[in-house]
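[1] have a look at this prediction, sequence included:
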2 protein chains.
Amino acid sequence: MDFTLALPDWTTDEIKALPDVFHSVEERMSVVIKFSRLNYVRGTGGPFAAGVFERDTGRLVAIGVNRVMSHNCSSAHAEIMALSLAQKVLGTYDLGGPGMPTHQIVVNWLPCAMCFGALMWSGVKSLVIAGSDHRLESITGFDEGPITPIWREELQKRGIELIDNVLTESAIEVYEDFARSGSIVYNARQG
Amino acid sequence: MDFTLALPDWTTDEIKALPDVFHSVEERMSVVIKFSRLNYVRGTGGPFAAGVFERDTGRLVAIGVNRVMSHNCSSAHAEIMALSLAQKVLGTYDLGGPGMPTHQIVVNWLPCAMCFGALMWSGVKSLVIAGSDHRLESITGFDEGPITPIWREELQKRGIELIDNVLTESAIEVYEDFARSGSIVYNARQG
């Protein structure tokens, strides 16, 4: 018994066209937001994307998009896709292991309860998000779940830096366009 | 780009030998605990297993074991394996969708922060655990992460029943044997 989760076909050309390195966190967020928009516009998943980068060089290791509906898998969120692909590419379950460069995950909003746990186990040492308030949920209707109220402290305690509010308005614009598009918010059990 | 997560080879014969239905929650927990032990003894992962059952008939839909180290994937926890395989078998990302029987996940301890989120998104309506106190962490050294302190209320709010303390001592025995075996607790970033 096994299961396979894959990026949609359109990502192949899009990824090929990307530069190898993204110097600023804004450049990194910009590509993540672009993929979040393409994902729902192409009908391959919800408006969510995540990228794993080497924090200090800006090299892109892997990018992921939401694949819940396409793969009939409620865990196929963008962060799980990006982290698992990055770990496969690098051949390790620990992106923060000895001798590794510092890895950063860039996401187009605060991760849901599941993905917040997933990033902690992944070994990334930096989290960059477009925002963390209730606008994602109120605009799109997605349920983000019961993340611990002291999530900022939990990151800090584990040595994971947080960079919040990067390109917030661009991220919000995708959520607003998604809501207006009438795309399916698959259901209240999934974020 | 894709990644595949699979059950270990030994599970094929073990699953074939199982009855189709498990009437009591104790019978269900018993097979989960057996798989948790086999998984570390066979060297295919940490001492964690999970089963998805039809709650009312007791039919086993899918079983999962921890595959983090074997697959270089920090998200390959037993619950993610079991839920994803159950969703693949049933062809739906929502185990609680219209027309579905009520699904139950049975796990050999309170799920970690990531898997607690994952079960909420999966559509299961019942969670059966062997225990929920700090003994798992104190015996094995695994970090279970920052689950919301009001996790019981969050389950209830979402219509997910909780059955706690099923075969607690048998589950603890596996953790104690695991700890004594000198097996790797891969690291503090993973649960």
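    Good, I have the coordinates.
[2] chain center to stretch A:142-149: distance?
    With CA atoms, centre = their mean, to the nearest Å as the basis, stretch A:142-149 stands 15 Å off its chain's centre.
[3] run the contact check for that stretch versus chain B.
    Yes. Interface with chain B: stretch A:142-149 contributes A:145-149 (CB under 8 Å from any CB of the partner chain). In short, each C-beta sits where N, CA and C put it, glycine included.
[4] what's the answer for stretch A:126-140, then?
    No. Taking CB under 8 Å from any CB as the criterion, stretch A:126-140 and chain B are apart, separated by no less than 13.7 Å.
[5] and the contacts of that stretch?
    A:25, A:28-29, A:33, A:47, A:55, A:102-111, A:119, A:142-144, A:155, A:160-168, A:170-172, A:175-176, A:178-179, A:185 (CB atoms under 8 Å, 6 or more residues apart in numbering or on different chains).
[6] mind listing which of these are in strands?
    Per DSSP state E, strands hold the following members of those: A:103-107, A:161-163.
[7] ok, those vs B:Pro98, which is closest?
    Nearest to B:Pro98 among the ones in strands among the contacts of stretch A:126-140: A:Val107, at 31.2 Å, using CB to CB.
[8] low-confidence stretches in chain A?
    Along chain A, the parts satisfying pLDDT under 70 run over A:185-191.
[9] what residue is smack in the middle of it?
    Centre of chain A computed as the mean C-alpha position; nearest residue by CA atoms, centre = their mean is A:Ala50, 2.4 Å away.
[10] and that residue, helix, strand or coil?
    strand (DSSP: H, G, I helix; E, B strand; the rest coil).
[11] identify the bridge partners of it.
    A:Gly64, A:Val107 (DSSP bridges).
[12] which ones are touching it?
    Applying CB under 8 Å, 6+ apart to A:Ala50 gives the contacts A:32, A:63-65, A:78-79, A:81-83, A:105-108.
[13] try 7 Å this time
    By CB atoms under 7 Å, 6 or more residues apart in numbering or on different chains, A:Ala50 lies in contact with A:32, A:64, A:78-79, A:82, A:105-107.
[14] tell me which helix or strand the nearest residue to A:Lys88 once chain neighbours are set aside sits in.
    Leaving out its chain neighbours, the residue that sits closest to A:Lys88 by CB to CB, 6 or more residues apart in numbering or on different chains is B:Phe3, at 4.9 Å. Taking DSSP states H and E as the definition, B:Phe3 sits inside strand B:2-6.
[15] distance from that strand to the middle of the chain?
    Computed by CA atoms, centre = their mean, the chain-centroid distance of strand B:2-6 equals 18 Å.
[16] any idea of the angle that strand forms with strand A:2-6?
    On the basis of axes from the mean of the first three to the mean of the last three CA atoms, to 10 degrees, strand B:2-6 is oriented at 170 degrees to strand A:2-6.
[17] where along chain A do the helices fall?
    Secondary structure of chain A (DSSP state H): helices located at A:10-16, A:25-41, A:68-71, A:78-90, A:113-122, A:135-140, A:151-157, A:168-181.
[18] how about the ones in strands among the contacts of stretch A:126-140 in a markdown table, adding distance to B:Trp10?
    Converted to a markdown table, the ones in strands among the contacts of stretch A:126-140 look like this (distance: CB to CB, whole Å):
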| residue | distance to B:Trp10 |
| --- | --- |
| A:His103 | 33 |
| A:Gln104 | 38 |
| A:Ile105 | 34 |
| A:Val106 | 39 |
| A:Val107 | 37 |
| A:Glu161 | 41 |
| A:Leu162 | 42 |
| A:Ile163 | 44 |
